[in-house]
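Participant: got a sequence here, can you model it:
(one chain, ligands or ions: 1)
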Amino acid sequence: MKNLVRACVHKIKPYQPGKPIEEVAREIGVEKVESIIKLASNENPLGPSPRALEAVRAALDSVNLYPDGSAYYLKQSLSRKLEAPPEKIIVGNGSNEIIELIMHVFVGSGHRVVYAHPSFLVYRLVATMFGAEATEVPLKDFVHDLPAILEAVDADTRVIFIANPNNPTGTALEPSGIEEFLAGVPDHVVVVLDEAYYEYLPPELRFEGLPWLDRKKLILLRTFSKIYGLAGFRIGYGLASAECVEILNRVRQPFNTNTPAQVAARSALEDEEHVKNTLEVNREGLKTLEEGFSRLGLEYVPSVANFMLVKVGDGEEIFKRLLSRGVIVRPMGFYDLPEYLRITVGLPGENQRLLRELEAVLGAQVKDRNP
Ligand SMILES: Cc1ncc(COP(=O)(O)O)c(C=O)c1O
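Facilitator: Now for the predicted structure:
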């Protein structure tokens, strides 16, 4: 089998997702999954919008039929909400799928892809998968170094990926900095601004990308997986020039998003109350975590998203100890930050529990070192 596999596929290190609750329950021998909390994948701790669930139940009767491959009604809803024409919207099986479509269209062997490190690991995954050269530009104080990214661009560069806010740091760029950067990007390069956590940003940090879609080769990516609480449905969207969307659609599978997901996404968009509540819970949660980490004497990176990077020493060890106590977080070794954990903001009780367990396992670590 190995001899048949393309060379670039041999180089792929499988993506390590946050551990599912059921898997941890099996591993630590706990029967009650309710006693386990997952703060590992930046999901919405309030769950999906109740309105979305109601709409999905009604839509289930028609799942014998193929979905609307063009996601017509969802694009209409997005168009109204974002004040962007439907021709500039593409809907994907999570924004991850759109990342892959972009690669299909623009990147082949010998082309270069530029992105920051550490950033969303899927950029590295797709660059490897498509046999591209990857330039990983180190973050500067946990923030994208836009001048260095521009410097890394050469004649072979086809795509730049920028996650804003960045995952795993939770840091965001100033909109004026993004504008300056875009103005300097040469014409043969597509810029993908991955805004999976856009809705968590305070208004003054929200970059107005729409006017740039026709001025530059800019693609904005958004998702229903985060603030809208629909990660399990796999649905996200992109905004780009009508020409770019038309080309991306050529490499899209005809029925890439399913009917319940499209229906859920439309209702979630309308449920402003749920978004407001989520923002409130997140704001309070970030404060609780900041105060808690400070109390424990832990350094952290101030975040404008729904997760935080905190320095705990031996990240893998602390991750395992938290896991054995039923708290799932994300170790950062894969992101070359072995001393850090990435922790998703949870419900108030979950944040308190995380801090209690963290205090306990850190205490145990100190005792182990100085018995
Ligand atoms: C920066 C970033 N982009 C994209 C995604 C993927 O989103 P989706 O669930 O829409 O594929 C994530 C998910 O963690 C992310 O952090």
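
Participant: which stretches of the chain form strands?
Facilitator: Taking DSSP state E, the strands of the chain run over residues 37-38, 89-92, 112-117, 133-138, 157-163, 190-194, 218-223, 236-239, 300-301, 307-311, 327-328, 330-331, 340-344.

Participant: next, the angle strand 157-163 makes with the fourth one.
Facilitator: Taking axes from the mean of the first three to the mean of the last three C-alpha atoms, to 10 degrees, one finds that strand 133-138 is oriented at 40 degrees with respect to strand 157-163.

Participant: please shift the residue numbers so they start at 22 in all later answers.
Facilitator: Understood, numbering begins at 22; the last thing we discussed is strand 154-159.

Participant: who are the packing partners of strand 154-159?
Facilitator: With contacts taken as 3 or more C-beta pairs under 8 Å, 6 or more residues apart in numbering; DSSP states H and E, strand 154-159 sits against strand 133-138, helix 142-150, helix 167-173. Placement of C-beta: from N, CA and C, glycine included.

Participant: need the strands of the chain in a markdown table (columns: mean pLDDT).
Facilitator: Shown next, in a markdown table, are the strands of the chain (pLDDT from 0 to 100):
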| stretch | mean pLDDT |
| --- | --- |
| strand 58-59 | 94 |
| strand 110-113 | 98 |
| strand 133-138 | 98 |
| strand 154-159 | 98 |
| strand 178-184 | 98 |
| strand 211-215 | 98 |
| strand 239-244 | 98 |
| strand 257-260 | 98 |
| strand 321-322 | 98 |
| strand 328-332 | 98 |
| strand 348-349 | 96 |
| strand 351-352 | 96 |
| strand 361-365 | 98 |
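
Participant: which of the helices and strands packed on strand 154-159 sits most buried?
Facilitator: Burial of the helices and strands packed on strand 154-159 is given as mean neighbour count (mean count of other C-beta atoms under 10 Å); strand 133-138 ranks first at a mean of 23.

Participant: so that one versus strand 178-184, what angle?
Facilitator: 20 degrees.

Participant: ok, strand 133-138: who's next to it in the sheet?
Facilitator: If you go by DSSP bridges, strand 133-138 pairs up with strand 154-159 (parallel), strand 178-184 (parallel).

Participant: give me the angle between the lengthiest helix in the chain and strand 328-332.
Facilitator: Determined from DSSP state H, the single longest helix within the chain is helix 293-316. Counting by the same axes, to 10 degrees, helix 293-316 lies at 10 degrees to strand 328-332.

Participant: can you list the buried residues in helix 293-316?
Facilitator: Within helix 293-316, the residues scored as buried using 16 or more other C-beta atoms under 10 Å are 295, 296, 299, 302, 303, 306, 307, 309, 310, 313, 314.

Participant: same question, stretch 190-210
Facilitator: Within stretch 190-210, the residues that count as buried by 16+ other C-beta under 10 Å are 190, 191, 192, 193, 194, 196, 198, 199, 202, 203, 206, 210.

Participant: would you mind writing the CA trace of that stretch as CSV?
Facilitator: Output of stretch 190-210 as CSV, limited to C-alpha atoms (Å, rounded to 0.1, in the frame of the first residue of the first chain):
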residue,chain,number,x,y,z
THR,A,190,-3.4,32.5,20.6
GLY,A,191,-6.8,34.3,20.7
THR,A,192,-5.1,37.5,19.5
ALA,A,193,-6.5,39.9,16.8
LEU,A,194,-5.1,42.3,14.4
GLU,A,195,-6.0,46.0,14.2
PRO,A,196,-8.3,46.6,11.1
SER,A,197,-6.0,49.5,10.0
GLY,A,198,-3.0,47.0,10.0
ILE,A,199,-5.0,44.6,7.9
GLU,A,200,-5.8,47.3,5.4
GLU,A,201,-2.2,48.4,5.2
PHE,A,202,-1.2,44.8,4.7
LEU,A,203,-3.7,44.1,1.9
ALA,A,204,-2.6,47.2,0.1
GLY,A,205,0.9,45.7,0.0
VAL,A,206,-0.1,42.2,-1.2
PRO,A,207,0.9,41.6,-4.8
ASP,A,208,-1.7,40.8,-7.4
HIS,A,209,-0.8,37.2,-7.9
VAL,A,210,-1.6,36.3,-4.3
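
Participant: pLDDT (mean, whole number) over it?
Facilitator: Mean pLDDT, stretch 190-210: 98.

Participant: so which of the strands of the chain is the most surrounded?
Facilitator: strand 361-365 (a mean of 28).

Participant: what count of nearby residues applies to residue 40?
Facilitator: 18 (other C-beta atoms under 10 Å).
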